[in-house]
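Asker: Kindly return the folded structure for what I paste below:
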Amino acid sequence: MTPDQVQRLFTRKDGSYLFARWSRPIVPVVFGVDDATLAVVKGAVEAVVTLAGHRMAETDPELGANLMVFFFRDWAELPQVPNLERLIPDLAPLCARLAASGANQYRAFRFDATGAIKAAFVFLRMDAALSEMPAETLALNEAVQVILLWGEEAFATTSPLGRAGEAVILRPDIAAVIRAAYDKVLPAVASDPSHAYRLAARL
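Answerer: Okay, the predicted model is just below:
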């Protein structure tokens, strides 16, 4: 993967470059699924966190859990979740917009004072398309999407996942970017495109 290709992964819609990784151990909690799916989602998060060389924990001292994943059938359900409005400002108008656009997923991040990721929220409306996807594939895709602050278009045309025979796996080039991104020599936050060259040099 060339530096230009790496740079595109972290380029915003306005053309600016913005990279951020987690600054604290990840503590996932999953809502709206059975125990079997819960284990699959947490297993996928743990696999990606291990790949990154990052850490998980039992609790976050500030938030309790800092990676929240919600599975549901209708966007109208979310505003009814107690206290969720405190975590996601303007939740009701947001859900109305997402419903109007036919969206089946949405992710929101929160950042610490340095700009590093301190929390992420994943919302998955289980429409026909998502319901047909194997739980392992869906879980791995979401784990990849929240391990870094990717650009909005990073995976718009190409999935971060691939196939090895019958198995769905993380693409080796994306796995290499994730590993490099958590190199302790590199900053947790970067807005200069030259950061992409430092990342590419570690692939």
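Asker: who does the helix or strand encompassing residue 119 touch, helix- and strand-wise?
Answerer: Assessed by DSSP states H and E, residue 119 sits inside strand 117-125. Here strand 117-125 touches strand 67-72, strand 105-111, helix 135-147, going by 3 or more Cβ pairs under 8 Å, 6 or more residues apart in numbering; DSSP states H and E. To be clear about C-beta, it is placed using only N, CA and C from the backbone, and glycine gets the same treatment.
Asker: Nearest to residue 174, out of the ones you listed?
Answerer: Nearest of those to residue 174, taken as Cβ to Cβ: helix 135-147 at 6.8 Å.
Asker: if we can go back for a sec, what residues sit buried inside the next helix or strand after the strand holding residue 119?
Answerer: Next helix or strand after strand 117-125 toward the C-terminus (DSSP H and E): helix 128-132. Residues of helix 128-132 include none that count as buried (16 or more other Cβ atoms under 10 Å).
Asker: for helix 128-132, the distance to its chain's centre please.
Answerer: On the basis of Cα atoms, centre = their mean, to the nearest Å, helix 128-132 sits 19 Å off its chain's mean C-alpha point.
Asker: mean confidence score for it?
Answerer: Helix 128-132 shows a mean pLDDT of 94 in the predicted model.
Asker: List of residues touching it?
Answerer: Residues outside helix 128-132 that contact it (Cβ atoms under 8 Å, 6 or more residues apart in numbering): 104, 105, 124, 138.
Asker: my guess is residue 68 contacts residue 27, does it?
Answerer: No: Residue 68 is beyond contact range of residue 27, at 9.5 Å (criterion: Cβ atoms under 8 Å).
Asker: How about stretch 65-84, which residues are buried there?
Answerer: Here stretch 65-84 shows 65, 66, 67, 68, 69, 70, 71, 75, 78, 84 as buried, counting by 16+ other Cβ under 10 Å.
Asker: how about the CA coordinates for that stretch, as PDB?
Answerer: C-alpha atoms of stretch 65-84 as PDB (Å, rounded to 0.1, in the frame of the first residue of the first chain):
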ATOM      1  CA  ALA A  65     -18.300   0.900  28.900                       C
ATOM      2  CA  ASN A  66     -16.800   3.000  26.000                       C
ATOM      3  CA  LEU A  67     -17.800   0.900  22.900                       C
ATOM      4  CA  MET A  68     -21.500   0.600  22.700                       C
ATOM      5  CA  VAL A  69     -23.100  -1.500  19.900                       C
ATOM      6  CA  PHE A  70     -26.900  -1.400  19.400                       C
ATOM      7  CA  PHE A  71     -28.800  -3.900  17.300                       C
ATOM      8  CA  PHE A  72     -32.500  -2.900  16.500                       C
ATOM      9  CA  ARG A  73     -35.200  -3.000  13.900                       C
ATOM     10  CA  ASP A  74     -36.300   0.600  13.600                       C
ATOM     11  CA  TRP A  75     -34.600   4.000  14.200                       C
ATOM     12  CA  ALA A  76     -37.700   5.100  16.200                       C
ATOM     13  CA  GLU A  77     -36.600   2.600  18.900                       C
ATOM     14  CA  LEU A  78     -33.400   4.500  19.800                       C
ATOM     15  CA  PRO A  79     -34.800   7.700  21.300                       C
ATOM     16  CA  GLN A  80     -36.700   5.500  23.700                       C
ATOM     17  CA  VAL A  81     -33.500   4.100  25.200                       C
ATOM     18  CA  PRO A  82     -33.100   5.600  28.700                       C
ATOM     19  CA  ASN A  83     -30.200   8.200  28.900                       C
ATOM     20  CA  LEU A  84     -29.000   7.600  25.300                       C
END
